[in-house]
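In: based on what follows, work out the 3D shape:
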Amino acid sequence: MSRRTKPKYRRTPANLRRQALVDATLACLRKFGHEGVSVRRISAQAGVSPGLINHHFPSITTLAAAAYETLAMSVLHSIRRHAQLPGASPRERLRRFFEASFTPDILDPELFNVWLVFWSRVSHDPEMRAVYDRTSEAYRATIESMLAQLQRAADVPPFNVRLAGIALVALLDGLWISSSLNPKTFKPSDAVVLCEDWTDGLCTGAFSNVRTGRAARVPAAAARRGS
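Out: Predicted structure coming up:
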């Protein structure tokens, strides 16, 4: 009779364990909001001991920051993949970027609550601030790259890419937040139309200060009233 041998124990690779903890953190934030940033809740969600979190992350804040960066970059990569259609014109890629920015997954109320938890920690937590700065810069860089491609297209007047990028990010973020807070305000297709209209204005030279790269000056009388 052959002797049965016990299967060898296989240790889960550290990168997979860390990703599982990040996923558990995001799941807890969806379920519990601010109270989801808890070693007890996250370890229970992941099915591990609380000590394992401390083994892979020096603090719960570091784990929350890792979850923040994972979420932000995964959303950006998803939107960017949709926009990068082979053979599409710069204008078409922008339109696809707008469409992908207002899909049901992006406008999910539970997901928006996760963002609120992260944003609430940015002002007083250096790790969260660093993630915010990195991910915001990646988002702006993506939009500026697409606008730079648009500017090189035929019949598009020159414009300041940095200023145009600031304006477009503000428009996208404002529409996204407004829709997330109250989906009845407007339809996602309305948001896409508004972004398209803004882009049409850019392409026809409607924004004089963006075109010249100068910030608008405050009239002297208005400045005195504000002082």
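In: how about the helices in this structure?
Out: With DSSP state H, the ranges of helices along the chain come out as 14-32, 39-46, 50-56, 60-83, 90-101, 109-122, 126-151, 161-181, 188-203, 208-212, 220-226.
In: could you export those helices to JSON lines, including columns for mean neighbour count and mean pLDDT?
Out: (Glycine included, C-beta is placed from N, CA and C.) Formatted as JSON lines, the helices of the chain follow (neighbours: other Cβ atoms under 10 Å; pLDDT from 0 to 100):
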{"stretch": "helix 14-32", "mean neighbour count": "18", "mean pLDDT": "90"}
{"stretch": "helix 39-46", "mean neighbour count": "18", "mean pLDDT": "92"}
{"stretch": "helix 50-56", "mean neighbour count": "15", "mean pLDDT": "86"}
{"stretch": "helix 60-83", "mean neighbour count": "18", "mean pLDDT": "96"}
{"stretch": "helix 90-101", "mean neighbour count": "19", "mean pLDDT": "97"}
{"stretch": "helix 109-122", "mean neighbour count": "16", "mean pLDDT": "94"}
{"stretch": "helix 126-151", "mean neighbour count": "17", "mean pLDDT": "96"}
{"stretch": "helix 161-181", "mean neighbour count": "17", "mean pLDDT": "96"}
{"stretch": "helix 188-203", "mean neighbour count": "16", "mean pLDDT": "96"}
{"stretch": "helix 208-212", "mean neighbour count": "15", "mean pLDDT": "81"}
{"stretch": "helix 220-226", "mean neighbour count": "9", "mean pLDDT": "49"}
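In: so how far is residue 194 from the residue nearest to residue 14 when sequence neighbours are not counted?
Out: Nearest-residue entry for residue 14: residue 56, 6.7 Å, with adjacent residues in sequence omitted and distances by Cβ to Cβ, 6 or more residues apart in numbering. Taken as Cβ to Cβ, to the nearest Å, the spacing of residue 56 relative to residue 194 amounts to 43 Å.
In: then residue 33?
Out: If you go by Cβ to Cβ, the gap between residue 33 and residue 194 works out to 30 Å.
In: cool, residue 17 as well?
Out: Counting by Cβ to Cβ, the gap between residue 17 and residue 194 amounts to 44 Å.
In: same question for residue 129.
Out: In terms of Cβ to Cβ, residue 129 sits 30 Å off from residue 194.
In: please apply the same query to residue 87.
Out: Here the distance between residue 87 and residue 194 works out to 27 Å (Cβ to Cβ).
In: residue contacts, the residue nearest the centre of the chain?
Out: If you average the C-alpha coordinates of the chain and look for the closest C-alpha using Cα atoms, centre = their mean, you land on residue 72, 4.2 Å from that point. Under the criterion of Cβ atoms under 8 Å, 6 or more residues apart in numbering, the contact list for residue 72 reads 131, 135, 138-139.
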